[in-house]
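Peer 1: A structural model of the following input is requested.
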Amino acid sequence: MASYSVDQAAVVRARRLIEARQYVLDSDWGVVQPRATDENGYLDKHSWREYGEWFLGRTEGANEETKARYAFAYGDFRRVHRSGLVACVYRASEWRHKDVERAAHDLLQLLDQVAG
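Peer 2: Numbering: from 1, shown residues only. As a prediction, the model looks like this:
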């Protein structure tokens, strides 16, 4: 199984989006999560650094500037999705990636606090 580290730039971006109220509280993550075409479209207009900020985890050992480098998407390239954060917490917990799980959990708590 792959190992992941927390992408601190992604955590900062997610916090800023939450604090700016750029989030969706109710969505079906299975429907709204970015697909390959969404990712490719984003990469056509943005850098790999910006792309990576939409993923809470970085795959250890994966080549830079490849999609394989990034894991645990939490948004749709515009807003944070609560369902995306829940999915990150669940998946990281299931796969025992505690640092990613904690980061996603902390962001979920912040989102719930800001949203009221």
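Peer 1: name the residues of stretch 35-44 that come out as buried.
Peer 2: 39, 42 (16 or more other CB atoms under 10 Å). Every C-beta, even on glycine, is put in place using the N, C-alpha and C of the backbone.
Peer 1: give me the contacts around that stretch.
Peer 2: 34, 50, 51, 54, 67, 76, 77 (CB atoms under 8 Å, 6 or more residues apart in numbering).
Peer 1: and with 10 Å instead?
Peer 2: Residues from elsewhere that reach stretch 35-44, judged by CB atoms under 10 Å, 6 or more residues apart in numbering: 32, 34, 50, 51, 54, 65, 67, 70, 73, 76, 77, 78.
Peer 1: in the helix ranked longest in the chain, what's buried?
Peer 2: The longest helix of the chain (DSSP state H) is helix 98-115. Neighbour counts using 16+ other CB under 10 Å place 100, 101, 103, 104, 105, 107, 108, 110, 111 of helix 98-115 among the buried residues.
Peer 1: report the contact partners of the nearest residue to the second one once chain neighbours are set aside.
Peer 2: If the residues on either side of it in the chain are set aside, residue 101 comes closest to residue 92, at 3.7 Å by CB to CB, 6 or more residues apart in numbering. By CB under 10 Å, 6+ apart, the residues touching residue 92 are 4, 6, 56-57, 71-72, 98-105.
Peer 1: please repeat the previous calculation with a cut-off of 8 Å.
Peer 2: Contact analysis of residue 92 by CB under 8 Å, 6+ apart lists 4, 57, 72, 98, 100, 101, 104.
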